[in-house]
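In: Output the structure for:
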Amino acid sequence: MAESNTKIVDPYRRSSVSDPLADKLKPTDLESQKQQVGSGSDSEGEIGRQIELESENSIKYRTCSWQKTAALLFSEYICLAIMSFPWAYSVLGLVPGLILTVFIAAVVLYTSLTIWKFCLRHPHVRDVCDIGQVIFGNSKIVWYGTAIMFLLNNIFIQGLHCLVGAEYLNTISNHGACTIVFSLVTTIIALICSLPRTFDALSKVATLSAFFTFVSVLLAMIFSGIEAHPAGYTPAQGDPIVKALPVAGTTFVSGMSAFLNISYTFIGQITLPSFIAEMKEPKDFWKSVTVVTIAEVIVFSLAGSIVYVYTGNQYMTTPAFGSLGNEVYKKVSFSFMIPTLIFLGVLYASVSARFIFFRIFEGTRHKGNHTVVGWAAWIGILVVLWVLAFIIAEVIPFFSDLESIMSSLFDSFFGFIFWGTAYLRMRREDYGPNFYKNRGIRGWIGAIVNVFLICTGLFFLGPGTYASIESVIISYEEGTVGTPFSCANTGL
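Out: Numbers count the residues shown, from 1 in each chain. This next block holds a predicted model:
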C-alpha cells in the first residue's frame, strides 16, 4: 500500500508548462507517478483528484458511466467483421469454428479483466502505451515501440473502414464511380464524424451504430435462409456443402487466416485503457466488458453458423453479404451496416488523436478548453491520421487479408503478450518473485495460464504473420484481388 505521505503527481498536469511543445509525444515519467495501490480507496482518491482538477474546464474527460462505456465496446465489437465468421467457419469447419469462437471470447474476457485490475492499481495510466512502459520496467524504449504499434494498429483499422466503405458504395451504386473516389468520400465523412473530443459525446452515436449493425447481421441471416440459392449458384456445383470439420486439402495458410479473422473480431483490448481512463467509476468496468462478451458469443456464433449453413463452402465470400444471391436482400442488409462502417473507424481515430493531442498539450489550457489552437491541432491530427488510413486502404485493397495482417502483427502484443506480462507483474508485486509457489495451486494455475497467453501471442506474431503475408502473395498471384490505387469495381 502507498504510504500516507506519498506525493501524488497528477497525470493531467505538469509542474512546468513554460514550453508545452517541448515534450510532445514523450512518454510520461510513470515511475515517479506510479502508486502501488493496495486498496480501492487509494485508487478512487486519485480518480477523484483527476475529476476535481478538470472540474473548471469546459471539456471534461472523466464523464463515462459503465453503460456508456458498454455502448462504446458494443460499437467496437458488434461490427462488420462479424460477417467474416461464415467464411472462417467454411475454412475451419463448423465445430472447430464454434469452439474457437467461445475459446477466444473467454481469453479476451480474462485479459480484459486483467487490464481493468491493472488500471485500478495504476489510475495514472491513460492508454496502452503507458501500461507497456509500466509492465516492462518503466522502459521508455518500450513506450515508444508501443506507441508506434498502437498508432499503426488504429490507422490500419481506419483504413479497413475506408476500404469497406468503398465496397459498400460500389455495391449500392453498381460501381457508379471510381473506387478511389468512393474510398475518398468515406474518408472525408469519417473525418468529419471524428471531430468530437470526448468519448462521452461519441457514446450516443456508438449505441446507434451497434443497433444498426445488429439489424444488418440479423437481416443477412434471415435473407440467407429464405432465398432460393446463394450468389454464384450453379446446378453443377450443387446445393451448399456444410462441413463439421475442415475440408480435405485445407492449408496452414488458409486455416491460420480464418483463425486470425475470428481473433481479430474479438481482440480489441488496445482501446480498453483509454476507455477506462475516461470513466467516472472505473471499478464498474467489469460490468461493461462482461455484458458485451456474452452478446458477442451469441451474435458471432449465430451469424457465422446460420449464414454458413445456408451458403456452403462453394459459395462463400467475405464479408458474407456478397453470398446473398438476391440483389435487393444484399443491398438492404448491407445498408444497415453504414453507421458502423463510419463509426468504428471514427472511434479508433479518436483514440489515436487523443493519444497524440494529450501529449502535445499536457498541462495547458488548450487540452481542457475550447481554444483556436486546441481545435486546430485536434483537426490537424485527425486529417493526418485519415490521410494515412486512405493510403493503406488503397495499398491493401482486400478485406480478409487486411484483417489477418492486423491480427498477427498487433493483436499478438495487444491481445496476449502485454496482458500475460501484466498479470505476472501484479502477482509478483503481491506475493514476491516466487508467487506461483506462495499462492499454492492458484499461483501455479495463474502462472501457467498467463505464460500460455504470452506463447500464444508469439505464435500470432511468428507463424501468424507468415501466413498473413503468404495469403496476400497468393491472392495477388491468383488475381483474386484488386490492385493498389485501382478504379476497379470492389462491390459485392
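
In: Now name the helix or strand holding the nearest residue to H161 once chain neighbours are set aside.
Out: Excluding its sequence neighbours, the residue lying closest to H161 (CB to CB, 6 or more residues apart in numbering) is G345, at 3.4 Å. Any C-beta I mention is one placed from the backbone N, CA and C, and that applies to glycine too. Secondary-structure element containing G345, defined by DSSP states H and E: helix 338-360.

In: What would that helix look like as CSV? C-alpha coordinates only.
Out: Output of helix 338-360 as CSV, limited to C-alpha atoms (Å, rounded to 0.1, in the frame of the first residue of the first chain):
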residue,chain,number,x,y,z
ILE,A,338,-23.5,2.1,-42.8
PRO,A,339,-23.2,3.5,-39.2
THR,A,340,-20.6,1.1,-38.2
LEU,A,341,-18.7,1.4,-41.5
ILE,A,342,-18.2,5.0,-40.4
PHE,A,343,-18.2,4.9,-36.6
LEU,A,344,-15.7,2.2,-35.8
GLY,A,345,-13.1,3.9,-37.8
VAL,A,346,-14.1,7.2,-36.1
LEU,A,347,-13.7,5.5,-32.7
TYR,A,348,-10.1,4.4,-33.4
ALA,A,349,-9.2,7.7,-35.0
SER,A,350,-10.5,9.4,-31.8
VAL,A,351,-8.4,7.2,-29.6
SER,A,352,-5.2,7.9,-31.7
ALA,A,353,-5.9,11.6,-31.9
ARG,A,354,-6.5,11.8,-28.1
PHE,A,355,-3.2,10.0,-27.5
ILE,A,356,-1.2,12.5,-29.6
PHE,A,357,-3.2,15.6,-28.5
PHE,A,358,-2.8,14.9,-24.8
ARG,A,359,0.9,14.6,-25.0
ILE,A,360,1.3,17.8,-27.1
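
In: how far out from the middle of the chain is the helix or strand following that helix?
Out: The helix or strand immediately downstream of helix 338-360 is helix 365-368, counting by DSSP H and E. Distance, stretch centre to chain centre, for helix 365-368: 28 Å (CA atoms, centre = their mean, to the nearest Å).

In: likewise stretch 418-432?
Out: The answer for stretch 418-432 is 24 Å, by CA atoms, centre = their mean.

In: ok, now stretch 101-117?
Out: 14 Å.

In: model confidence over it, on average?
Out: For stretch 101-117, the mean per-residue pLDDT is 94.

In: Quick one: residues in contact with that stretch.
Out: Stretch 101-117 has contacts (CB atoms under 8 Å, 6 or more residues apart in numbering) with 85, 131, 262-263, 266-269, 272-273, 276, 282, 285-286, 289-290, 293, 296-297, 300-301, 304, 415-416, 419-420, 422-423, 426, 449, 453, 456.

In: make it 6 Å
Out: Surrounding stretch 101-117, the residues in contact under the criterion CB atoms under 6 Å, 6 or more residues apart in numbering are 262-263, 266-267, 269, 272, 285-286, 289, 293, 296-297, 300-301, 419, 422-423.

In: same check, this time on stretch 455-470
Out: When contacts are defined by CB under 6 Å, 6+ apart, stretch 455-470 is touched by residues 253, 256-257, 260, 404-405, 408, 412, 416-417.

In: Just the terminal-to-terminal distance for it.
Out: 22 Å (CA to CA, to the nearest Å).

In: Enumerate the positions of that stretch that are buried.
Out: 456-457, 460-461, 464-465, 467-470 (16 or more other CB atoms under 10 Å).

In: Give me the subset of these that lies in helices.
Out: 456-457, 465, 467-470 (DSSP state H).

In: Would you format these as a markdown table with pLDDT included?
Out: Below are these laid out as a markdown table (pLDDT from 0 to 100):
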| residue | pLDDT |
| --- | --- |
| T456 | 90 |
| G457 | 90 |
| T465 | 82 |
| A467 | 79 |
| S468 | 77 |
| I469 | 80 |
| E470 | 81 |
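
In: Out of these, which is nearest to G432?
Out: G457 (25.3 Å; CB to CB).

In: Mind checking what helix or strand follows the helix or strand containing I155 in sequence?
Out: Using DSSP H and E, I155 maps to helix 140-173. For helix 140-173, the succeeding helix or strand toward the C-terminus, using DSSP H and E, is helix 179-193.

In: What angle do helix 140-173 and that next one make with each other?
Out: Put simply, helix 179-193 runs at 120 degrees to helix 140-173, going by axes from the mean of the first three to the mean of the last three CA atoms, to 10 degrees.

In: counting contacts, what elements does the next helix or strand after helix 179-193 pack onto?
Out: For helix 179-193, the following helix or strand on the C-terminal side (DSSP H and E) is helix 199-226. Contacts defined by 3 or more CB pairs under 6 Å, 6 or more residues apart in numbering; DSSP states H and E place helix 199-226 against helix 66-77, helix 285-311, helix 327-335, helix 338-360.

In: And the last one, what does it pack against?
Out: Just to be clear, that refers to helix 338-360. Secondary-structure packing of helix 338-360 (3+ CB pairs under 6 Å, 6+ apart): helix 140-173, helix 179-193, helix 199-226, helix 372-395.

In: Alright, I will stop here.
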